[in-house]
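Enquirer: sharing a model prediction with you, sequence too.
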Amino acid sequence: MHAVLSIAGSDSCGGAGIQADLKTFEAFDLFGTSVITVLTAQNTTGVKDIYEVNASFVKSQIISILEDFDIKAIKVGMLFNKEIIKTVKDVIKDLDIPIVLDPVFVSKAGSPLLETEAINELKDFCQYAKVITPNMYEAKQLFDYDENEVHDLTKLRELKTNVLVKKHKKVINGINYCIDYLYTKNEIKSFHTDYLETKNLHGTGCTLSSAIAANLTLGHNLEDSIKISKDYVYEAILKAPNLGKGNGVINHKVNKKTI
């Protein structure tokens, strides 16, 4: 069994962040380890309070894991501030393993989740990742992404990594699809699943990025890892347990034979 690492925030309701990542790793028969960057008091209706972890303690957590486990891939999620971003980057940037960076700094609704001065530090971190997985708001901040225009790859290439922009709803031949776009050095590829009308979407972004890290660990190339991961998230939404009064949690324990 291979070991993987998630460096991210804790979600007290268990649907996103570290908790979602560990459930996802287990779904793909991997052993998940974790480093917590921030504690959140939250549920499916929103974040009620945040308590950041000191950057030096974040570093101690990472080193303790790397000293003991043969980590095959790392998923990085919410880093919260400039000091934590720099600390995590400096510790893991030279590791010869895939890093999947989910640049959690703008919510699905467009609300900021990261100090403004920390965004440039996050941009610098991007170059050390195998792939980053921003939503459309984050992609706008990172490289002036506009889903309605022909995409200019010039600014994207400054990030020096592959970029998967998440969650575009498009109608094709009368059918609603959820489409993610992968931008590589030379091309753009799209990944489709049927669009599901549901409120059960809590933690889908965290789950997608951790599933990609899991599948890279299992030896799949990036494109196959994304496809398998999107299908996994689709099934997890489709079979959600309908828990929570807000944006409900998804079902991480789906049968992989259906993927």
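Expert: Everything's here; your move.

Enquirer: which SS state does residue 168 fall under?
Expert: Here residue 168 is recorded as strand under DSSP: H, G, I helix; E, B strand; the rest coil.

Enquirer: now do the contacts for the residue found closest to it once you drop the neighbours it is linked to in the chain.
Expert: Distance criterion Cβ to Cβ, 6 or more residues apart in numbering; nearest residue to residue 168, sequence neighbours excluded, is residue 179 at 4.6 Å. For every residue, glycine as well, the C-beta is placed using N, CA and C. Counting by Cβ atoms under 8 Å, 6 or more residues apart in numbering, residue 179 touches 168-170, 190-192.

Enquirer: and residue 47, how many neighbours?
Expert: 16 (other Cβ atoms under 10 Å).

Enquirer: where are the low-confidence patches of the stretch 51-200 of the chain?
Expert: Applying pLDDT under 70 to the stretch 51-200 of the chain flags the ranges 106-113, 149-153, 155, 171.

Enquirer: ok, residue 50 - contacts?
Expert: When contacts are counted by Cβ under 8 Å, 6+ apart, residue 50 touches 38-41, 80.

Enquirer: distance to residue 142 added to the residues you listed, as a markdown table?
Expert: What follows is the contacts of residue 50, written out as a markdown table (distance: Cβ to Cβ, whole Å):
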| residue | distance to residue 142 |
| --- | --- |
| 38 | 21 |
| 39 | 26 |
| 40 | 23 |
| 41 | 28 |
| 80 | 17 |
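
Enquirer: one step back: given the helix or strand where the residue nearest to residue 168 lies, what are its sheet partners and their directions?
Expert: Using DSSP states H and E, residue 179 sits within strand 175-183. Strand pairing for strand 175-183, using DSSP bridges, gives strand 162-172 (antiparallel), strand 188-194 (antiparallel).

Enquirer: out of those, which one sits most buried?
Expert: Using mean count of other Cβ atoms under 10 Å, the stretch among those with the greatest mean number of neighbours is strand 162-172 (a mean of 17).

Enquirer: how far does it sit from the chain's center?
Expert: Centroid separation for strand 162-172 versus its chain: 14 Å, with Cα atoms, centre = their mean, to the nearest Å.

Enquirer: tabulate the CA atom coordinates of it in PDB.
Expert: Presented in PDB, the C-alpha positions along strand 162-172 are these (Å, rounded to 0.1, in the frame of the first residue of the first chain):
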ATOM      1  CA  ASN A 162      -0.500  22.300 -15.900                       C
ATOM      2  CA  VAL A 163      -3.800  24.000 -14.900                       C
ATOM      3  CA  LEU A 164      -7.200  22.300 -14.600                       C
ATOM      4  CA  VAL A 165      -9.900  25.000 -14.400                       C
ATOM      5  CA  LYS A 166     -13.000  23.500 -12.700                       C
ATOM      6  CA  LYS A 167     -16.700  23.500 -13.200                       C
ATOM      7  CA  HIS A 168     -18.000  25.100 -16.300                       C
ATOM      8  CA  LYS A 169     -21.700  24.400 -17.000                       C
ATOM      9  CA  LYS A 170     -22.300  24.100 -20.700                       C
ATOM     10  CA  VAL A 171     -25.200  22.900 -22.900                       C
ATOM     11  CA  ILE A 172     -24.100  20.600 -25.800                       C
END
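
Enquirer: now what about it, what contacts it?
Expert: Contacts of strand 162-172 (Cβ under 8 Å, 6+ apart): 108, 130-136, 139, 142-143, 145, 147, 156, 176-185, 195, 205, 208, 212, 222, 226.

Enquirer: give me the buried subset of those.
Expert: Neighbour-count burial (16 or more other Cβ atoms under 10 Å) applied to those gives 130-136, 139, 142-143, 145, 156, 177-184, 195, 205, 208, 212, 222, 226.

Enquirer: show me what the biggest helix by length in the chain is in contact with.
Expert: Counting residues, the longest helix found in the chain (DSSP state H) is helix 222-238. By Cβ under 8 Å, 6+ apart, the residues outside helix 222-238 that reach it are 24, 27, 130-131, 162, 164, 178, 180, 182, 189, 191, 193-194, 196, 198, 200-201, 204, 207-208, 211-212, 214-216, 220, 250-252, 254-256, 258-259.
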